[in-house]
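Enquirer: Build me a model:
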Amino acid sequence: MIEVFKWKQMDYYNRGDGRPSRQPNPSAPVVFPGQYNRNRGKRDVLTSRDTPSGFKSRSDFADDSGPYIAYNNVPMGVTHFRGRLFVTMPRRRVGIPSTLNYIDLQRDGKQSSPKLYAYPNFELNQFNASEQNLVSVYRTTVDACQRLWFIDTGMLEYPNNRQQIRRPSIWIVNLKTDRVIKRYDIPESIVDTGRGLASLTIDVVSEKQCNNAYAYIPDLVNSRLYVYSLADDRMWAFSHNYFNFDPLAGDLHIGGQTFRWDDGIFSTTLGAQHSDGSRDVYFHAMASNNEFVVSNKVLQQESNAARSDHGNDFRVLGSRGQNKQSTMHDYDPKTGVIFYAEIQTNGVGCWKSSNPFTAANHGTVTSNAESMIYPSDLTIDEDGNIWVMSNSMPIFIYSQLDPNTYNFRIWRQNVHEAKRNTVCE
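Expert: Numbering: from 1, shown residues only. Next comes the predicted model:
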């Protein structure tokens with residue numbers, strides 16, 4: 001893949017300098033890891049969203065009162081749409097000026113380490129200025145109707161001081177006007193906190209049926225799959241054993257760090273449309289080497305979510321092979337290939353969906369344990385270009401990033417070139 005951008009530390013055109021410090025509200029409820037899901041009778045899990053107990057971050061030993069602390073800004077998601085590259089910055093530490101940002105490729109595309117613009121503007125990213133503003137965004141996606149969708153977790157994930165200061169919510173922004181056209185607060189009856197909401201996939205038939213859209217939202221902590229209907233403005237939750245992490249696949253070694261994560265269902269992607277109009281929804285847990293599938297028609301029926309037995313509606317596809325744990329994956333309709341961001345191989349893998357789902361039919365697009373440490377996001381734009389973010393996250397969590405070396409990178413490759421000379425051709 002082609003390295004497009006790289007940063008030692010992230011920077012912004014508007015750091016918020018000179019503004020009052022945006023620290024947590026002391027009166028906000030403080031929630032600690034052991035308190036999550038207590039009413040659901042589930043054991044505590046340690047996921048990619050958690051910081052080890054008692055861990056001292058670099059900012060603990062420095063001035064943590066400013067609106068911008070360079071070290072604390074770790075990018076997570078990347079999505080391209082017509083000259084703008086959207087980059088998210090979840091608020092896992094203090095000192096993050098804006099959680100939703102973009103790079104103007106026409107203006108800054110030739111720079112190696114461009115600064116970020118807040119999106120849609122700086123003001124909407126100031127969570128303490130208004131209850132209507134953004135708190136923390138992990139990943140974004142663009143649908144067929146030129147709309148940007150994302151989940152605001154509503155959570156400040158500061159070490160030893162995690163706070164759910166807003167309801168987690170679904171946002172939709174019109175990319176033609178850069179105006180927010182929908183915000184849906186996820187009911188507490190669906191999920192108590194936004195801790196496990198890291199991505200979403202949008203199912204809309206065409207730009208002529210924009211209101212008939214569904215969002216599929218994995219919950220990596222509660223091991224559930226949520227469905228949101230835009231037309232009905234309703235949301236429901238599916239539970240299934242296939243959403244759980246694999247206890248044999250949670251031990252990871254990435255970037256020189258050895259640790260265990262229990263991340264459940266993490267990524268969903270839509271396959272090709274069948275003759276009856278249905279589409280397969282592929283999904284996997286991050287702490288797993290397996291892939292599963294279910295029809296979108298099953299997910300779109302709210303009554304199905306209440307079933308105690310789903311029969312054979314959810315199916316096991318098989319294993320991608322050993323050490324093939326994946327964060328995000330995306331289906332390319334032009335080639336029929338699903339591309340995976342693989343965290344143990346520090347690379348990108350592929351599978352041609354017309355082939356049997358076997359380890360032998362999974363190819364390696366690229367792998368680099370030095371420069372592609374922890375690919376945290378993978379998306380494919382309307383032009384058939386794969387975009388990948390690698391962010392060295394395990395080093396940030398369990399050790400220390402070196403601010404004098406390049407820690408964060410964005411990569412790009414056309415789908416046809418990516419599958420060349422692999423079993424995915």
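Enquirer: what are the ranges of the strands in the stretch 251-400 of the chain?
Expert: Using DSSP state E, counting those that start in this stretch, the strands of the stretch 251-400 of the chain run over residues 251-254, 257-260, 265-273, 279-285, 290-295, 315-319, 326-332, 337-342, 347-352, 362-367, 375-380, 385-390.
Enquirer: neighbouring strands for the longest one, and are they parallel or not?
Expert: Strand 265-273 pairs in its sheet with strand 279-285 (antiparallel), by DSSP bridges.
Enquirer: Which positions in the partner strand come out as buried?
Expert: For strand 279-285, burial by neighbour count (16 or more other C-beta atoms under 10 Å) applies to R279, D280, V281, Y282, F283, H284, A285. Using the backbone N, CA and C atoms, a C-beta is placed for each residue, glycine as well.
Enquirer: and of those, the nearest to I380?
Expert: Comparing these against I380 with C-beta to C-beta places Y282 closest, at 13.7 Å.
Enquirer: distance of that closest one from I265?
Expert: Y282 is 11 Å from I265, where distance means C-beta to C-beta, to the nearest Å.
Enquirer: Serialize the buried residues of strand 279-285 to JSON lines and add fields for distance to N211 and pLDDT.
Expert: Shown next, in JSON lines, are the buried residues of strand 279-285 (distance: C-beta to C-beta, whole Å; pLDDT from 0 to 100):
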{"residue": "R279", "distance to N211": "18", "pLDDT": "98"}
{"residue": "D280", "distance to N211": "23", "pLDDT": "98"}
{"residue": "V281", "distance to N211": "20", "pLDDT": "98"}
{"residue": "Y282", "distance to N211": "25", "pLDDT": "98"}
{"residue": "F283", "distance to N211": "25", "pLDDT": "98"}
{"residue": "H284", "distance to N211": "30", "pLDDT": "98"}
{"residue": "A285", "distance to N211": "32", "pLDDT": "98"}
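Enquirer: Give me the below-cutoff pLDDT ranges for the stretch 251-400 of the chain.
Expert: For the stretch 251-400 of the chain, not a single residue meets the criterion pLDDT under 70.
Enquirer: farthest-separated two in the buried residues of strand 279-285?
Expert: Spatially, the most separated pair among those is R279 and A285, at 21.0 Å (C-beta to C-beta).
Enquirer: quick one: which of the strands of the stretch 251-400 of the chain is nearest L105?
Expert: Per C-beta to C-beta, nearest to L105 of the strands of the stretch 251-400 of the chain: strand 385-390, 11.3 Å.
Enquirer: partner strands of that closest one, parallel or antiparallel?
Expert: Counting by DSSP bridges, strand 385-390 is paired with strand 375-380 (antiparallel), strand 408-414 (antiparallel).
Enquirer: Could you tell me the angle between it and strand 337-342?
Expert: Angle between the axes of strand 385-390 and strand 337-342 is 10 degrees (criterion: axes from the mean of the first three to the mean of the last three C-alpha atoms, to 10 degrees).
Enquirer: what angle separates strand 385-390 from strand 362-367?
Expert: 70 degrees.
Enquirer: got a list of what F150 touches?
Expert: Neighbour list for F150: T88, L100, V137, Y138, R139, T140, T141, I170, W171, L200 [criterion: C-beta atoms under 8 Å, 6 or more residues apart in numbering].
Enquirer: Tabulate those residues (JSON lines), appending neighbour count, secondary structure and pLDDT.
Expert: Below are those laid out as JSON lines (neighbours: other C-beta atoms under 10 Å; DSSP: H, G, I helix; E, B strand; the rest coil; pLDDT from 0 to 100):
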{"residue": "T88", "neighbour count": "24", "secondary structure": "strand", "pLDDT": "98"}
{"residue": "L100", "neighbour count": "25", "secondary structure": "strand", "pLDDT": "98"}
{"residue": "V137", "neighbour count": "25", "secondary structure": "strand", "pLDDT": "98"}
{"residue": "Y138", "neighbour count": "23", "secondary structure": "strand", "pLDDT": "98"}
{"residue": "R139", "neighbour count": "26", "secondary structure": "strand", "pLDDT": "98"}
{"residue": "T140", "neighbour count": "26", "secondary structure": "strand", "pLDDT": "98"}
{"residue": "T141", "neighbour count": "19", "secondary structure": "strand", "pLDDT": "98"}
{"residue": "I170", "neighbour count": "21", "secondary structure": "strand", "pLDDT": "98"}
{"residue": "W171", "neighbour count": "20", "secondary structure": "strand", "pLDDT": "98"}
{"residue": "L200", "neighbour count": "21", "secondary structure": "coil", "pLDDT": "98"}
